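[1] just coords:
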């Protein structure tokens, strides 16, 4: 599949998907999505099935186990697909990526799409366990969020590539849910990622052990410092600061 911007999902392993659950984690506030989805891939044993190619991607190649790979990859197991990026999504690529994923959603007819991200809170240091907020494109998924202990975001702004994917779902009638863990601003937050992953488990009815994520939190923070710095730069260019504002319209 390729659009005018050169966006293409290239399948590297022959997989027949049957209404999969799709989980997305891109670098964002606290790197919640990146850390959380990376943990899901490792813990549940998902295997690489495809990667993204685009002329708008940064000229970065990831080397994994001596092999060059795309920085945006898709993993799969038992009709669960995880989409992860190892680099921040540059603003010029956000609309093509969201639109390309929207087209792909229509092809694979996902049972649900869960986007993992973070929402900065000032008192994060005082929290023993951060909360998780959510927005969903369907009323049934809003009810599922409440049952899973996720607080619904009533009013506010969302920005960045995650918000565009959510909007694509709404436009195309795809069941997309955006989960946001309360997180540190400008600092990798494995604790918030763990809380968000636990919420994913409750939503899909499958327990996902997050103990390793918590045990290695300091190691993850140190390893992710450079990615967090680059992500902050990308977020400044994508109006992420607007998420702290309140809409001016009422009613």
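    Now that the structure is in, tell me what you want to look at. Please read these numbers as outputs of a predicted model, since none were measured by experiment.

[2] just say helix, strand or coil for residue 231.
    Applying DSSP: H, G, I helix; E, B strand; the rest coil to residue 231 yields a three-state assignment of helix.

[3] output the below-cut-off pLDDT ranges for the protein.
    1-6, 236-251 (pLDDT under 70).

[4] which stretches of it form helices?
    Along the chain, counting by DSSP state H, helices occupy 32-44, 91-108, 139-147, 161-172, 190-204, 211-215, 217-223, 225-236.

[5] gap between the longest one and the chain center?
    Its chain's C-alpha centre lies 13 Å from the corresponding centre of helix 91-108 when counted by C-alpha atoms, centre = their mean, to the nearest Å.

[6] could you do the fifth one as well?
    Relative to the centre of its chain, helix 190-204 is centred 12 Å away, using C-alpha atoms, centre = their mean.

[7] helices or strands up against it?
    With contacts defined as 3 or more C-beta pairs under 8 Å, 6 or more residues apart in numbering; DSSP states H and E, the packing partners of helix 190-204 are helix 32-44, strand 112-120, strand 132-136, helix 139-147, strand 176-183, helix 211-215, helix 217-223. Bear in mind the C-beta positions are built from the backbone N, C-alpha and C, glycine included.

[8] and the angle for that helix with helix 139-147?
    120 degrees (axes from the mean of the first three to the mean of the last three C-alpha atoms, to 10 degrees).

[9] what does the last one give?
    Direction vectors for helix 225-236 and helix 139-147, defined by the same axes, to 10 degrees, enclose an angle of 130 degrees.

[10] got the contact list for helix 225-236?
    Contact partners of helix 225-236, identified using C-beta atoms under 8 Å, 6 or more residues apart in numbering, comprise 27-29, 31, 34, 86-91, 159-160, 186-188.

[11] buried residues of it, list them for me.
    Applying a neighbour-count criterion of 16 or more other C-beta atoms under 10 Å, one finds 227, 228, 231, 232, 234, 235 buried in helix 225-236.

[12] quick one, phi psi at residue 45?
    phi 70, psi 40 (degrees, to the nearest 10).

[13] ditto for the one 10 residues further on
    Recorded main-chain torsions at residue 55 are phi -70, psi -10, according to degrees, to the nearest 10.

[14] quick revisit: out of the buried residues of helix 225-236, which is nearest to residue 221?
    Ranked by distance to residue 221 (C-beta to C-beta), the buried residues of helix 225-236 are led by residue 228 at 8.7 Å.

[15] from residue 222, how far out is that closest one?
    Residue 228 sits 11 Å away from residue 222, going by C-beta to C-beta, to the nearest Å.

[16] what do those two both touch?
    Common contacts of residue 228 and residue 222, defined by C-beta under 8 Å, 6+ apart, are absent altogether.

[17] please give me every residue in contact with residue 81.
    Residues 17, 20, 21, 22, 23, 46, 49, 74, 75, 108, 110 are the ones in contact with residue 81 under the rule C-beta under 8 Å, 6+ apart.

[18] oh, that last question was meant for residue 133, not what I typed.
    If a contact means C-beta under 8 Å, 6+ apart, then residue 133 has 119, 150, 151, 152, 153, 179, 180, 181, 182 as its contacts.

[19] I'd say residue 90 and residue 55 touch.
    No - counting by C-beta atoms under 8 Å, residue 90 stays clear of residue 55, with 11.6 Å between them.

[20] alright, I will stop here.
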